[in-house]
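>>> give me coordinates for this.
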Amino acid sequence: MKTLYLECNMGAAGDMLMAALFELLSPEQQKAFLETMNHLLPGVTVTPHKVQTCGITGTHMDVLVHGEEEHSHDVHDPHHPHDHVHCHDHGHDHIHLHDHDHGNDHAHHHDHEHPHEHPHDHDHPHSHAHHHHASLPHIRGILAGLSVPEGVKEQAAAVYTAIARAESAAHGCPVEEVHFHEVGALDAVADVTGVCLALSMLHPDKIAASPIHVGSGMVRCAHGVMPVPAPATAFLLKGIPTYGGEVQGELCTPTGAALIAHFAQSYGPMPAMAAEAVGYGVGKKVFERANCVRAFWGESAEQHAPNGEITELVCNLDDMTPEALAFACKKLLELGALDVYTLPGQMKKGRPGWVLTVLCEPDREEALAVHILRETTTNGLRARRCAKYFLRPTVEEQETAYGPIRVKKAEGYGLAHQKPEFEDVAAAARKSETPFYQVYREVDR
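Here you go, the predicted structure:
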């Protein structure tokens, strides 16, 4: 199976992951990638540069917003830190979204005419854009309007939502009150979308990662100085193997952590694989060791092993009406359950009843358990953590004689499934006054 292995011995940041994956693309794919990325957001440019780190040549991705780029926020950084996230209703205290402080400040571009010139002037004036902020719904709106495949939008939205939840949890404010500084938000959107786009172009069957080196020491934000890993990063890396202490500095950013946590299916040493290509995504900071993320691409043996986890929440009900139970099931789906279903069963004292099963992501177990207790009449429930085999889902839009219709696809283990989106087919059938299955067969063909 086609396998991608991400080596995070010097942590991970959004721009480094994007650069490493960019190196794995074919020349034609690289051209298409840059064409898409540089027409993605007004004022945002993405430019790859060949750089060196400890003698290793790789790629650094410059992500500029209105000609400006993010700067370092380590304690030793002489530049005033930019504030990227704040929560309303908390005295406008600012929360820093730590991204793009993982680069090599002195990475040398292969331009011998100006071998030591910094690519950006740190003394440039702040543009008006620095005074605007964006909420999570606003960011989701931006992502929904991007000219990229639907599956890329969905993956990017999930990653960005995870970042917002991490900032919310780390700094004690509701998610809806988290507001992102415009420059920090847009370059993070570019990083996240770039990684999701590159992965959709590579289309790996399996993604694995090494334990993540988070660094050590302190990082500066508007609140003052906080330890590495920063609170949002630590929140995102819960349940993922990490280590630190070997290098002073912030090696893993929230965006890097969110991307790894979202896409990696397993962690550990590199699996047995025949590598066909290696991508080097180089950061901007200079360390005594090569500051890069390495992405190995190749064939690994087919392994029919679980590639995920899921939580199953179960309870017995013998005192709810069908109407009330149907309402509770609908409500649980709205609250984030992956699936909700009931089976008839005989309860104690010979009463007919229902066995309610709710499936959810493991990190949503506690929240959904509380929702079940709130939305149903049960006084208790059972929680089971299960291994999960799944085909990785994507969504593509297909042009048909009835208009654009989304097609849901799922691939993995050498298998591929696909089917048209029911709501789209139904809407097209109503609009064209055509039988449902006639439209369905046209799309499925």
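
>>> where do the strands sit along the stretch 151-300 of the chain?
Under the criterion DSSP state E, counting those that start in this stretch, the stretch 151-300 of the chain carries strands at the ranges 178-181, 206-209, 212-216, 218-221, 224-227, 242-250, 266-267, 273-282, 292-300.

>>> just send those back as a markdown table, with distance to residue 142 too.
In this view, the C-beta of every residue, glycine as well, is placed from N, C-alpha and C. Formatted as a markdown table, the strands of the stretch 151-300 of the chain follow (distance: least, CB to CB, whole Å):
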| stretch | distance to residue 142 |
| --- | --- |
| strand 178-181 | 11 |
| strand 206-209 | 25 |
| strand 212-216 | 28 |
| strand 218-221 | 24 |
| strand 224-227 | 28 |
| strand 242-250 | 26 |
| strand 266-267 | 31 |
| strand 273-282 | 24 |
| strand 292-300 | 26 |
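
>>> among those, which comes closest to residue 136?
Relative to residue 136, the nearest member of these by CB to CB is strand 178-181, separated by 6.1 Å.

>>> could you give the mean pLDDT of the closest one?
In this model, strand 178-181 has an average pLDDT of 64.

>>> show me the shaky parts of the stretch 301-445 of the chain.
Residues of the stretch 301-445 of the chain meeting the criterion pLDDT under 70: 302-305.

>>> as a check, name the ranges of all helices in it.
322-334, 365-375, 422-432, 436-444 (DSSP state H, counting those that start in this stretch).

>>> right, and those - which one's nearest residue 165?
helix 365-375 (11.1 Å).

>>> that closest one to helix 322-334, inter-axis angle?
160 degrees (axes from the mean of the first three to the mean of the last three CA atoms, to 10 degrees).

>>> center of the chain - which residue?
residue 159 (2.7 Å; CA atoms, centre = their mean).

>>> contacting residues around that residue?
With contacts defined as CB atoms under 8 Å, 6 or more residues apart in numbering, the neighbours of residue 159 are 192, 196, 255, 258-259, 262.

>>> and of those residues, the nearest to residue 175?
residue 258 (14.0 Å).

>>> got a list of what that closest one touches?
159-160, 162-163, 166, 192, 236.

>>> just these now: which is nearest residue 38?
After measuring those against residue 38 - CB to CB - the closest member comes out as residue 192, at 16.1 Å.

>>> surely that closest one meets residue 259?
Yes. Counting by CB atoms under 8 Å, residue 192 does reach residue 259; the two are 6.7 Å apart.

>>> TSV for the helices of the stretch 301-445 of the chain, including mean neighbour count and distance to residue 57?
Shown next, in TSV, are those (neighbours: other CB atoms under 10 Å; distance: least, CB to CB, whole Å):
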stretch	mean neighbour count	distance to residue 57
helix 322-334	15	50
helix 365-375	17	45
helix 422-432	16	46
helix 436-444	16	46
